[in-house]
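J.: Here is my input; please provide its structure:
(chains A and B)
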Amino acid sequence: MKASPGKVDIIIPAGPKMAGASHQCTLYVGTCGYSYTEWIDSGFYPANTKNSAMLGLYSRCFSVVELNYTWYQMARADAVARMVDRAPEHLLFAAKLTRTMTHERAADWREQLVLYCQGIAPLKKRLVAVLVQLPPDFHRTIDNRNYLAALLDGLQEFPIAVEFRHVSWAVDSVFAELERRKVSLVTVDEPELPGLFPSLDIVTNPALFYVRFHGRNSTGWRSGNMQKKFNYDYSEEELHSWTETYIRPMAARADCGMLFFNNHVRAQAPRNAQKLVRVFAAGKRSLV
Amino acid sequence: MKERSVIHFNVADFAVSVERVVDSGLRQCPLIIAPLQAARAVVYDMSEEAFRDGVRKGMALRRATKICRGATVLAPRPALYQKAMTAFLKEVLNYSPLIESGFADGHLFVDVTGTHRLHGPPPDIGLRIRRHVRTHLGINPIWTLGTSKLVSKVASRLVKPVGEYIVSPGDEALFLAPLPVALLPGLTRQELRKLEEFHLTTVGALAGLSRQQLMVPFGSRSDYLHDISQGIDDSVVSTSSLTTTQTVDCEQSFADDTNDRQEIEAVITDLVSRAGQCLRSRRQVARRVGIWLRYSDGSHVVRQASRRVGSNSDFVLHNLALSALQRAWTKRIRLRSCRLVYDRLHKQSPQLLLFPDKGVRERRQEKLLGAMDTIRNRFGHQLISIGSRSSIAGDVRSTIH
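T.: So this is what the prediction gives:
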C-alpha cells in the first residue's frame, strides 16, 4: 500500500520564461467530508461500516480530507482531538469555517472566531488550510470587504483559503490583497450560471493553491437540496481537460495544491477523486 | 445493528417564542406567561430574560413579578401553541415519519436513519429544518444530532437556548463522560441525591461502576443507570404521539386552592367528560386512569385505577377516576391542581356482539353521550353537562401524549 495515497508529485518542465530547473508541485486529492452513509450503499465503504471506522478506510485511498462538519457546528477541541488521534499519520486536514461566521453571521462572530481557533487547535501541523466559504449573497460591498479583512486578521495564525460564490469578487484588487496576505484563492469548478464566481487559474499564495470540484449540475444547483446540487459525475475527459487548463498552470506557480471533490452524492466524490489521480498518473507516463 | 441518526429539536421557552412571533413588540422585554385571573396563578412559561432574573416554571406569579419587575405578563393560549406545534410538526414530517413529540412544548425527536439518499446527510437535514422553521414560523429551534434519543437530548441541554450539537457515532460515552449526572434524563430526585452522596457527580464516574456495583444502592434501576452512563439507549423514536396509541391527559388548576370535596369532584366530572369525548371521537377505549393531585405546599401524589375491560363511557370513566381520587387524596391540605391521564388505550372494536352485553341502562347512557358529543362538537363543551356538576372556573388543558 502506498504511504500517501492520493498524493501526486508533478514536475513542470522549465518553460521559456522559467530560468533554470523544472518545478515540482505536490498535489493532494481528497473529498469534502468523509462520513456519508450513502458511500456504504454505493460501495465505496464496505457493507456495515461503522461511522467511526470511516476515516480509517478513507485514509487508505486519500491523504487529505476537508472537514465539513465544522461548518455545521462550532469546532470543539475535544472532539477534534479524538478524531485526530484516530486518524492515520499521513492524513492531512482542511477545516471549513463555521457558518455562524460566513452564511449566518452572528452578532458575536468575534467570540465565535476565538472559539473556532481554540476548537481546531488539535489539528496543529496537520492543518493544510482553514476554508472560508462565503455565501452567494456575500457581495463585494464596503461592509463585506471590511468584515472579510477582520475575519482574515482573526485567522492569521492558520493557513487560509477563501472561496467566493459571487462574481463581484473576481477583480484584481481582491486577488492582490489575498496575495499580500498569503491567502489562497479557491478555484472552483461549478455550473456556468449567472452570478457565480468563475473558474480562474489565479494563484494568490505560492505555498498553496486550493481547488473545489462542486460538479456541474446546473438544474440542481439552486434547488436547496444537496442531493440534487452535488449530484454530478465527472468524466475522465472533463477531468483531463480541467487538469490541462487549470491545474497544470497553477501547479507551475505553487509548491503544493489541494484538490477536493464536493459531489458526494452516490460516492461520486471519492470515485472522481480516484479518477483524477489516475488522470495525473497517465499524464506522468505520457511525459516520460 | 445499524447506527441510528436521531435529531432532537427543542424550541426553548416555546410558549414565549410563539407569543413573540405573534407580537414582535414582546421581543425586547422579559415575558412571563401565567393565568391572569387566578388568585394563586403559577408561571406557565417565561422568557430567557425572566429566567435569568430567577423566574421558574411553577413559581407563584406574585413572586415571579416581584423578582422580575419589568416583565410583561400574558395569559397562556394553549390552542395557539398547539397550532404552532402542528405547523412545526408538519415541516418535520417532510423528512421522516418517525417523530416523537410532546404536547405543544416545542420538543421533537426525529429519526432520520436511512433517509440520506433522499434528503442528504443528517446534519444537513437538521440545519435545513431549522432554517425553514425559522424563516416560515419565526421560531428558532435548537437541533442536536446523536445516535439515540438519550445522546441528542443531553446534547440539546448543553446548547440551550440556541445552537446545535453533533455527537459523532462512537463518541457517545466520551461525550457524556465529563458532564454532570444531572444532565441525564429520567433520573429521579432521590437517585440524584444518592449519586451525590456517593460523590458520583459526573457521568464518567458513574460509567466507571459495573452493573453489580450499581445493583447494591439502585436495585432494579442499576441496568438503566449503567446503560445511560455508557451512552446506550435503544429506545425507539415512538410515533405514539402521532398515532392512535395515545394517552388522554386533562388538567385543571383551581383558581383558588381548595379542599372542598364537592368542588373537586365537580372538576373530576368535567375532566372525565372531556377525556370521554376525546376517546369517543377517536373510537378508543381506556383501561386505566392516573390521577395527579398537587397540594398547596408543593407536594404531589400520583395514584391510579384500572379495569379489565376498556371503556369510553363517561359514567364508567368517572367511577374509575373517583377510585383513583380516593387513593390519592390522603392529606387534609388544600389542592392546587388536579390532572387525569387515561392510558392503556386501544381501538374500540367495530365488531358488534351477537348477544348485546349491555343492559338497557348502558345503552341509554351511550345514546345520551352520543347526543351530548354532537351538541358539544357544534356549540362547545361547556354548553351541556351532566347534572349535579357545579360550574368550573378557569382553563382546562387537555394534552395528548
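J.: Against B:E19, how distant is whichever residue of the stretch 51-200 of chain B sits closest to chain A?
T.: Distances between the stretch 51-200 of chain B and chain A by Cβ to the nearest Cβ are smallest at B:G170, namely 3.2 Å. To be clear about C-beta, it is placed using only N, CA and C from the backbone, and glycine gets the same treatment. Between B:G170 and B:E19 the distance is 41 Å, computed by Cβ to Cβ, to the nearest Å.
J.: B:D249 falls within a strand, correct?
T.: Yes: remark: B:D249 belongs to a strand, assigned using DSSP: H, G, I helix; E, B strand; the rest coil.
J.: Identify the single longest strand in chain A, thanks.
T.: The longest strand of chain A (DSSP state E) is strand A:23-32.
J.: What is the helix or strand just after it packed up against?
T.: Per DSSP states H and E, the first helix or strand lying C-terminal to strand A:23-32 is helix A:38-41. Judged by 3 or more Cβ pairs under 8 Å, 6 or more residues apart in numbering or on different chains; DSSP states H and E, the packing partners of helix A:38-41 are helix B:116-119.
J.: what does the stretch 101-250 of chain B put close to chain A?
T.: Contact residues (Cβ under 8 Å from any Cβ of the partner chain) of the stretch 101-250 of chain B with chain A: B:114, B:116-121, B:123-124, B:126-128, B:163-166, B:168-171, B:174-175.
J.: Keep only those of the residues you listed that are in helices.
T.: B:H116, B:R117, B:L118, B:H119, B:P123, B:D124, B:G126, B:L127, B:R128, B:L174, B:F175 (DSSP state H).
J.: List only those of the residues you listed flagged as buried.
T.: The neighbour count (16 or more other Cβ atoms under 10 Å in any protein chain shown) marks B:H116, B:H119, B:P123, B:D124, B:G126, B:L127, B:R128, B:F175 as buried among these.
J.: my guess is the third one meets A:Y69, correct?
T.: In this case it means B:P123. Yes: B:P123 lies in contact with A:Y69 (Cβ atoms under 8 Å); the separation is 6.4 Å.
J.: Overlap of the contact sets of those two?
T.: Common contact partners of B:P123 and A:Y69 (Cβ atoms under 8 Å, 6 or more residues apart in numbering or on different chains): B:I166.
J.: Helices along the stretch 1-150 of chain A, start to end?
T.: Taking DSSP state H, counting those that start in this stretch as the criterion, the stretch 1-150 of chain A contains helices spanning A:38-41, A:54-58, A:69-72, A:77-86, A:109-120, A:142-154.
J.: can you put those in JSON lines and add mean neighbour count and mean pLDDT?
T.: Output for the helices of the stretch 1-150 of chain A, formatted as JSON lines (neighbours: other Cβ atoms under 10 Å in any protein chain shown; pLDDT from 0 to 100):
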{"stretch": "helix A:38-41", "mean neighbour count": "20", "mean pLDDT": "94"}
{"stretch": "helix A:54-58", "mean neighbour count": "19", "mean pLDDT": "96"}
{"stretch": "helix A:69-72", "mean neighbour count": "22", "mean pLDDT": "94"}
{"stretch": "helix A:77-86", "mean neighbour count": "16", "mean pLDDT": "92"}
{"stretch": "helix A:109-120", "mean neighbour count": "18", "mean pLDDT": "96"}
{"stretch": "helix A:142-154", "mean neighbour count": "14", "mean pLDDT": "97"}
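J.: which strands and helices sit next to the longest strand of chain A?
T.: Strand A:23-32 sits against strand A:7-12, strand A:64-67, helix A:248-251, strand A:256-261, helix A:268-287, with contacts defined as 3+ Cβ pairs under 8 Å, 6+ apart.
J.: Contacts for it, please.
T.: A:6-12, A:14, A:58, A:62-66, A:68, A:92, A:128, A:212, A:247, A:251-252, A:254-262, A:264, A:269-270, A:273-274, A:276-277, A:280.
J.: can you state the direction angle for that strand and strand A:7-12?
T.: Per axes from the mean of the first three to the mean of the last three Cα atoms, to 10 degrees, the angle that strand A:23-32 makes with strand A:7-12 is 150 degrees.
J.: what angle do strand A:23-32 and helix A:268-287 make?
T.: Comparing the axes of strand A:23-32 and helix A:268-287 via the same axes, to 10 degrees yields an angle of 160 degrees.
J.: and strand A:23-32, which residues are buried?
T.: A:H23, A:C25, A:L27, A:Y28, A:V29, A:G30, A:T31, A:C32.
J.: can you tell me which of the helices and strands packed on strand A:23-32 comes nearest to chain B?
T.: strand A:64-67 (11.4 Å).
J.: if we look at the closest one, which residues are touching it?
T.: For strand A:64-67, the external contacting residues (Cβ under 8 Å, 6+ apart) are A:6-7, A:28-34, A:55, A:58-59, A:91-96, A:128, A:131, A:258, A:260.
J.: pLDDT averaged over that strand, what's the number?
T.: Averaged across strand A:64-67, pLDDT comes to 98.
J.: buried stuff in it?
T.: Result for strand A:64-67 [16+ other Cβ under 10 Å]: buried residues A:V64, A:V65, A:E66, A:L67.
J.: do the same with stretch A:175-184
T.: A:F175, A:L178, A:E179, A:R181, A:V183, A:S184.
J.: The third one contacts A:S173, correct?
T.: Spelled out, it's A:E179. No: at 10.6 Å, A:E179 and A:S173 do not qualify as touching, with contact defined as Cβ under 8 Å.
J.: Can you report how many residues lie near the closest residue to chain B within chain A?
T.: Here chain A gets closest to chain B at one residue, A:S52, 3.2 Å apart by Cβ to the nearest Cβ. Neighbourhood size, A:S52 [other Cβ atoms under 10 Å in any protein chain shown]: 16.
J.: And B:I125, how close does it get to B:H132?
T.: From B:I125 to B:H132 the distance is 11 Å (Cβ to Cβ).
J.: the more surrounded of these two?
T.: B:I125 (25 against 15).
J.: can I assume that one is in contact with B:L118?
T.: No: applying Cβ under 8 Å, one finds B:I125 not in contact with B:L118, separated by 9.7 Å.
J.: For residue 179, which non-adjacent residue is closest in space?
T.: No chain in the question, so chain A it is. Closest residue to A:E179 apart from its sequence neighbours, by Cβ to Cβ, 6 or more residues apart in numbering or on different chains: A:T204 at 4.4 Å.
J.: that's the other chain; I wanted chain B
T.: B:L179's closest residue in space is B:V203 (Cβ to Cβ, 6+ apart), at 5.1 Å.
J.: what's near enough to touch the one you found?
T.: B:L176, B:A177, B:P178, B:L179, B:P180, B:V181, B:L183, B:L184, B:I228, B:S229.
J.: Regarding residue 91, what are the backbone dihedral angles?
T.: You didn't say which chain, so I picked chain A. Dihedral angles of A:L91 (phi, psi; degrees, to the nearest 10) stand at phi -80, psi 130.
J.: Which residues are in contact with it?
T.: By Cβ under 8 Å, 6+ apart, the contact list for A:L91 reads A:L55, A:Y58, A:S59, A:F62, A:S63, A:V64, A:V65, A:R126.
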